[in-house]
Each structure stands twice: as structure tokens, then as C-alpha cells.
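**Q** curious how this folds, go ahead:
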Amino acid sequence: MAALPKIRPVDPQGLNLKEHVVSINRVTKVVKGGKNLSFSALVVVGDPEAKVVGFATGKAREVPAAIKKAIEAAKKNLYKIHVKDYTIPHAVIGRFGAGEVMLKPAPEGSGIIAGGAVRAMMEAAGIANVATKCIGSRNPHNVVRATMDALMQLRDRNQVAEMRGLPAEKL
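**A** Next up, the predicted model:
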């Protein structure tokens, strides 16, 4: 069996990127002089037309600065997603930590059946019709990473045929 093709990050130049803030968390660090307060932001960035998506976290003393840092980091972490017309090509389960996310293709017109973090990822990736289910952890960080894992597992018809050593018409 052939090895899976290595997926490389996409260059953000020339993309029409849209940002979605998934979660903002107040973080305190206890030090000798008291408590240091800072904010952590989880952001999803993507171009729906190009089917490109990425995510990152940023930490700073102020919320806008944390969001800005997360957006800049996410732009360095963009990946192309394989999409079939208006939905995903096949069902897939992504895992990260205690979180699992199941993505299933949906008929045209059904929309994005997802909540919170998964919805933000689907909108940023430009997937218009998909049914999802979070299994296990509902922590936004785990859910976003599990969703990204699921999206990275998507293969188009030609890749599957190449992996099986068959012509694409035989599938």
C-alpha cells in the first residue's frame, strides 16, 4: 500500500482570509507579587473559495492583542482541504486527546449541522453541507484539533485510486 501523501502548509499570499474567534479564556499566573492576568484566544482562519483552513492560539495581556497574535500564527498554519462540490467526499472521524469529531457528507441544502468550534472550522473551510457530531471532550481546543485531524484525512478520488494502485475510473 502506498504511503499517504504529505500535506504541506499553504502560502497565505493572495487568499481572502476570514477569521472566526472560537474561544477566549482568561488565564492567571500566580507569582511572588500576586497574580498576573492574561488572555488566551483560539482563532480559526480560512478562505472558503480556496478551501483553505488553519487555526492557532495567541496569548497576551489584552484580548485584541491575543486575537491578533492568534490570527498571525494561524496564517502560518493553513492547509488545503479536499471538498467534493458542496460537501466532503466521505465520512471521517478525527481524534485529538479525549475529543473525537465525526464528519459526514450531507445532501445539498441541508447546511452545516454543527455547533461552536466545528461550525467555525466548516465555515472557514468553505464546506456548505455537512453533518457533524462531537464525541467525548467538548473542550474547544480539543474539538478544533480533532476537526482539523478529520479534515486532513479527507482524500479525493484520484488519491484513493493512486493509493490502491488502480485507475480512477475503476473506483
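**Q** going forward, measure contacts and count neighbours with C-alpha atoms only.
**A** Will do.
**Q** do I have it right that residue 57 meets residue 45?
**A** No: between residue 57 and residue 45 there is no contact under C-alpha atoms under 8 Å: 11.1 Å.
**Q** mind checking which of the two has more residues around it?
**A** For residue 57 versus residue 45, neighbours defined as other C-alpha atoms under 10 Å are more numerous around residue 45 (28 against 23).
**Q** hey, what's in contact with both of residue 57 and residue 45?
**A** Shared contacts of residue 57 and residue 45 (C-alpha atoms under 8 Å, 6 or more residues apart in numbering): 71, 74.
**Q** residues touching the nearest residue to residue 86 once chain neighbours are set aside, list them.
**A** Sequence neighbours aside, residue 128 is the residue nearest to residue 86 in space, at 5.7 Å (criterion: C-alpha to C-alpha, 6 or more residues apart in numbering). Residues counted as contacts of residue 128 (C-alpha under 8 Å, 6+ apart) are 86-87, 111-112, 122.
**Q** now residue 128: phi and psi?
**A** phi -90, psi -30 (degrees, to the nearest 10).
**Q** neighbour-wise, which one of the contacts of residue 128 leads?
**A** residue 122 (26 neighbours).
**Q** for residue 128, see how far away the residue nearest the centre of the chain is.
**A** Taking C-alpha atoms, centre = their mean, the centroid of the chain lies closest to residue 148, which sits 3.8 Å from it. Distance, residue 148 to residue 128, using C-alpha to C-alpha, to the nearest Å: 16 Å.
**Q** next: residue 165.
**A** In terms of C-alpha to C-alpha, residue 165 sits 31 Å off from residue 128.
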